[in-house]
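Trainee: coords please:
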Amino acid sequence: YILEYRTLTKLKSTYCDGLLKAVDSDGRIHTSFNQVETRTGRISSLEPNLQNIPIRTELGREMRKFFTAGEGNTLVDADYSQIELRVLSDLANDENMINAFNSGEDIHTITASQVFNLPVEMVTKQMRSSAKAVNFGIVYGIGAFSLAKDIGVTRKQAQEYIDNYLNTYSGVREYMQRVIELARDRGYSETLFKRRRYLPELNASNFMVRSGGERIARNMPIQGTAADIIKIAMIRVDKRITEEKLDARLILQVHDELIVEVGEKDAEKALKLVCEEMENACKMKVKLRADGNIGKTWYDAH
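Mentor: Presented below is the predicted three-dimensional model:
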């Protein structure tokens, strides 16, 4: 009960009370977006931050019920499916991962099948969950110690999972090595669109600082490219809405997710339009995929 009380108190003070204070005279909350605050290139939100509305728990997700479309309108919410893993497969030119995505199979189940050396139909939920942690952990340069802690296995088992993963996706292993060497030679890491992040940390004498620089060198091209793609998608969506004279407008971006407020009569058309423009924002070896929904509140639409 104490933990539950603390959770509810945190939700009330940070979100319920905080959001109510942020409501303007028009009944809407107006955040500010920053294009250059994060080093990866992601857009950030502040005063209030609308990108940190909780999503990991059902109670947290219910905070999204605060956000509702205006009278006669509805919300369209679309987000990218596993965009960072898709970007990784393209940058690494890994045939196994590319084929898994392009065949429409579940990447986490396929990964589990190959990491645990089992047929797909024998993969359990726990195995898929572990493979998912490895998939996303690799993007962030996770080590055996952190992975073991995340999924509740020994450090030795976690290292075996990582080794099996990198043997399965050998293109990813080679990419991880290559991208660090390239960043060290150039002094910077860059996205698919040539946006750079300079990395003096790679030449630091301190081991921890240098290791941190190597993690950034691996991660920045992936996260940064995903950030570039969503920005391109935002421009495409806004332009298409104007061209098609839809009663709609883009009102929020939450990393890989776009939210559009639209007149109820145009909702289905807007959903199709948003997903199309997101999926066509960048041509890669792997097709981008966006999934969306329609609802009166942000909670219903997500």
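Trainee: centroid residue for this structure?
Mentor: What sits nearest the mean C-alpha location of the chain, by Cα atoms, centre = their mean, is residue 256, with 5.0 Å.
Trainee: shouldn't that one be in contact with residue 80?
Mentor: Yes. Contact criterion Cβ atoms under 8 Å: residue 256 and residue 80 qualify, at 4.3 Å. Heads up, the C-betas are built off the backbone N, CA and C, glycines and all.
Trainee: overlap in contacts of these two?
Mentor: Residues touching both residue 256 and residue 80 (Cβ atoms under 8 Å, 6 or more residues apart in numbering) are 226, 230.
Trainee: before we move on, the earlier item: any idea how far residue 13 is from the residue nearest to the centre of the chain?
Mentor: Distance of residue 256 to residue 13, computed by Cβ to Cβ, to the nearest Å: 28 Å.
Trainee: tell me which residues in the biggest helix by length in the chain are buried?
Mentor: Counting residues, the longest helix in the chain under DSSP state H turns out to be helix 207-243. Buried residues in helix 207-243, counted by 16 or more other Cβ atoms under 10 Å: 212-214, 216-234, 236-238, 240-241.
Trainee: how about stretch 182-191?
Mentor: Using 16+ other Cβ under 10 Å as the test for burial, stretch 182-191 gives 183-184, 188-191.
Trainee: now do the contacts for the nearest residue to residue 116 once chain neighbours are set aside.
Mentor: The shortest distance from residue 116 to any non-neighbouring residue, by Cβ to Cβ, 6 or more residues apart in numbering, is to residue 127 (5.5 Å). Residue 127 makes contact with 112, 116, 118, according to Cβ under 8 Å, 6+ apart.
Trainee: any idea how far apart the tips of stretch 251-263 sit?
Mentor: 13 Å (Cα to Cα, to the nearest Å).
Trainee: tell me where the stretch 101-250 of the chain has strands.
Mentor: For the stretch 101-250 of the chain, strands defined by DSSP state E, counting those that start in this stretch occupy the ranges 188-190, 196-198, 248-254.
Trainee: take those and write them to JSON lines, including mean pLDDT and distance to residue 149.
Mentor: What follows is these, written out as JSON lines (pLDDT from 0 to 100; distance: least, Cβ to Cβ, whole Å):
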{"stretch": "strand 188-190", "mean pLDDT": "97", "distance to residue 149": "27"}
{"stretch": "strand 196-198", "mean pLDDT": "96", "distance to residue 149": "28"}
{"stretch": "strand 248-254", "mean pLDDT": "97", "distance to residue 149": "27"}
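Trainee: any chance of these in TSV, plus distance to residue 108?
Mentor: Formatted as TSV, the strands of the stretch 101-250 of the chain follow (distance: least, Cβ to Cβ, whole Å):
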stretch	distance to residue 108
strand 188-190	27
strand 196-198	29
strand 248-254	22
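Trainee: of all those, which lies closest to residue 67?
Mentor: Nearest to residue 67 among the strands of the stretch 101-250 of the chain is strand 248-254; the distance by Cβ to Cβ comes to 8.3 Å.
Trainee: average pLDDT across the next helix-or-strand element following the closest one?
Mentor: Sequence-wise, the next helix or strand downstream of strand 248-254 (DSSP states H and E) is strand 257-263. Averaging pLDDT along strand 257-263 gives 98.
Trainee: what pairs with strand 257-263, parallel or antiparallel?
Mentor: Here strand 257-263 has these sheet partners by DSSP bridges: strand 73-80 (antiparallel), strand 248-254 (antiparallel).
Trainee: tell me the helix or strand right after that strand.
Mentor: Tracing the chain past strand 257-263, the next element assigned as helix or strand by DSSP H and E is helix 267-279.
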